[in-house]
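Enquirer: Need a 3D model of the sequence below.
(4 chains)
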Number of protein chains: 2
Amino acid sequence: MLLSKSCVYGLRASLYLASKKEGEFIPIKRMSDKLEISFHFLTKILQQLTAEGILESFKGPNGGIRLNRPGNTVQLMDIVLAIDGEQLLTECALGLPGCGIKNPCPLHEKWAETRDAIRGMLENTTLTELVEKGRAENLRLTTDGGFDILFQE
Amino acid sequence: MLLSKSCVYGLRASLYLASKKEGEFIPIKRMSDKLEISFHFLTKILQQLTAEGILESFKGPNGGIRLNRPGNTVQLMDIVLAIDGEQLLTECALGLPGCGIKNPCPLHEKWAETRDAIRGMLENTTLTELVEKGRAENLRLTTDGGFDILFQE
DNA sequence: GATTATTTGGACTCTTTTATCTTAATATAG
DNA sequence: CTATATTAAGATAAAAGAGTCCAAATAATC
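Expert: Numbering: from 1, shown residues only, chains lettered A, B, ... in the order given. Okay, here's the model as predicted:
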């Protein structure tokens, strides 16, 4: 698996938030219902993203979670790094510690290229970009429903 | 992590075998010592590759494991598929079941491109290719030693 | 101030992956 | 036939990832 489940959930939740009116706090409960993710588990993940400054939280009635900066400034990479760390982008494909240009394994060069492709994709994609695409083409962010489900209520 | 630890060990072991004289059976114990992988764990992994027909095993004294076909016909992909399955190449980046061209998530297109880059790399790289590269440049397959360590004794 | 809606944080459980240990099966050599 | 070197297979253990639960903190509303 490229990304951990936590990371995937974090991405989905961030996209959901980016699809909302800017500044609005969304309760985690609502998110977990809509996205069909365990409430408690999602809570943990969002805490990480809040701690990293990607999201902002507010307690009490009318509280919830929102993006801490405009969605077009949040790269998928930001979320991946916050949750899964940089392992994916630094680790040797053959698991050798300290594998790098100075002391590479036979697969190093080819893997470095592939890895750059992954990095590029994650860095060049923003939340807003995906939300706009999802909205335009009514794509989905949940098991069943179309994208528009996210906007009802 | 892109590949499971089992898969990474499987790749290292297969490369080791591909670096050996064709037809020679290598005891798992020797492999696990050289590659610094737990003997019993490596045994399990090699069993999978043997079951898939990528490796061949032989019991008893002078027994061991060897490639079941020439190293230039074994793609890295063969080993990845045998151990980790096709999940990496088929799964939705946002974890949505059944995500595909017919019913995609907003990330589907971009991820499909990246995934094809990974697939291409794994399909276009053979064991022999990496062994030759490793031999030519004395690259490493273990934590410390250079590639040549593999050939001693 | 009491009640309610929310996030925070910690403890706990379940599952999967990784790793180890033990016994059985098989082949060789003497 | 016996001893030895090996793989095969199953049982178990340890670690990590995924998921649940509960109590505490905080903010709004009445």
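Enquirer: OK, contacts around the residue nearest to A:Ile26 when sequence neighbours are not counted?
Expert: The spatially closest residue to A:Ile26, leaving aside those adjacent along the chain, is A:Gly64, at 4.5 Å (Cβ to Cβ, 6 or more residues apart in numbering or on different chains). For every residue, glycine as well, the C-beta is placed using N, CA and C. For A:Gly64, the contacting residues are A:Glu24, A:Phe25, A:Ile26, A:Pro27, A:Ile28, A:Arg30, A:Ser57, A:Phe58, by Cβ atoms under 8 Å, 6 or more residues apart in numbering or on different chains.
Enquirer: pLDDT score for A:Gly64?
Expert: Note for A:Gly64: predicted pLDDT of 97.
Enquirer: residue nearest the centroid of chain A?
Expert: Centroid-nearest residue in chain A, with Cα atoms, centre = their mean: A:Leu11, separated by 2.5 Å.
Enquirer: Pull the number of nearby residues for the nearest residue to it once chain neighbours are set aside.
Expert: Of all residues not flanking A:Leu11 in the chain, A:Ile79 sits nearest, at 5.5 Å (Cβ to Cβ, 6+ apart). Using other Cβ atoms under 10 Å in any protein chain shown, A:Ile79 is surrounded by 27 other residues.
Enquirer: How far off centre is the one helix or strand A:Ile79 maps to?
Expert: Taking DSSP states H and E as the criterion, A:Ile79 maps to helix A:76-84. In terms of Cα atoms, centre = their mean, to the nearest Å, the gap separating the centre of helix A:76-84 from the centre of its chain is 6 Å.
Enquirer: so what pLDDT did the residue nearest to the centre of chain A get?
Expert: Note on A:Leu11: pLDDT of 98.
Enquirer: Next, give phi and psi for A:Gly134.
Expert: Main-chain dihedrals, A:Gly134, degrees, to the nearest 10: phi -60, psi -40.
Enquirer: so where is chain A shaky, pLDDT-wise?
Expert: Counting by pLDDT under 70, the ranges of chain A that qualify are A:145-153.
Enquirer: Go again with 80.
Expert: For chain A, applying pLDDT under 80 flags the ranges A:144-153.
Enquirer: In it, which residue sits nearest DNA strand D?
Expert: Per Cβ to the nearest atom of the strand, the residue of chain A with the smallest distance to DNA strand D is A:Ser38, at 2.5 Å.
Enquirer: The nearest residue to that residue once chain neighbours are set aside in helix, strand or coil?
Expert: Sequence neighbours aside, A:Ser32 is the residue nearest to A:Ser38 in space, at 6.6 Å (criterion: Cβ to Cβ, 6+ apart). Following DSSP: H, G, I helix; E, B strand; the rest coil, A:Ser32 is assigned to helix.
Enquirer: how about stretch A:114-129, does it reach chain B?
Expert: Yes: counting by Cβ under 8 Å from any Cβ of the partner chain, contacts between stretch A:114-129 and chain B involve A:Thr114, A:Ala117, A:Ile118, A:Met121, A:Thr125.
Enquirer: for the nearest residue to the last one once chain neighbours are set aside, what are its contacts?
Expert: Taking Cβ to Cβ, 6+ apart as the measure, A:Thr125 lies nearest to A:Leu76, with 4.8 Å between them; neighbours along the chain are not counted. Neighbour list for A:Leu76: A:Leu11, A:Met121, A:Leu122, A:Glu123, A:Thr125, A:Thr126, A:Leu127, B:Leu107 [criterion: Cβ under 8 Å, 6+ apart].
Enquirer: How about A:Leu81?
Expert: Counted by Cβ under 8 Å, 6+ apart, A:Leu81 has zero contacts.
Enquirer: ok, now with 10 Å
Expert: Counting by Cβ atoms under 10 Å, 6 or more residues apart in numbering or on different chains, A:Leu81 makes contact with A:Cys7, A:Glu52, A:Ile54, A:Gln75, A:Gln87, A:Leu88, A:Leu89, A:Leu122.
Enquirer: same question, A:Thr142
Expert: For A:Thr142, the contacting residues are A:Arg12, A:Tyr16, A:Lys34, A:Leu35, A:Glu36, A:Ile37, A:Ile149, A:Leu150, B:Leu94, B:Leu96, B:Cys105, by Cβ under 10 Å, 6+ apart.
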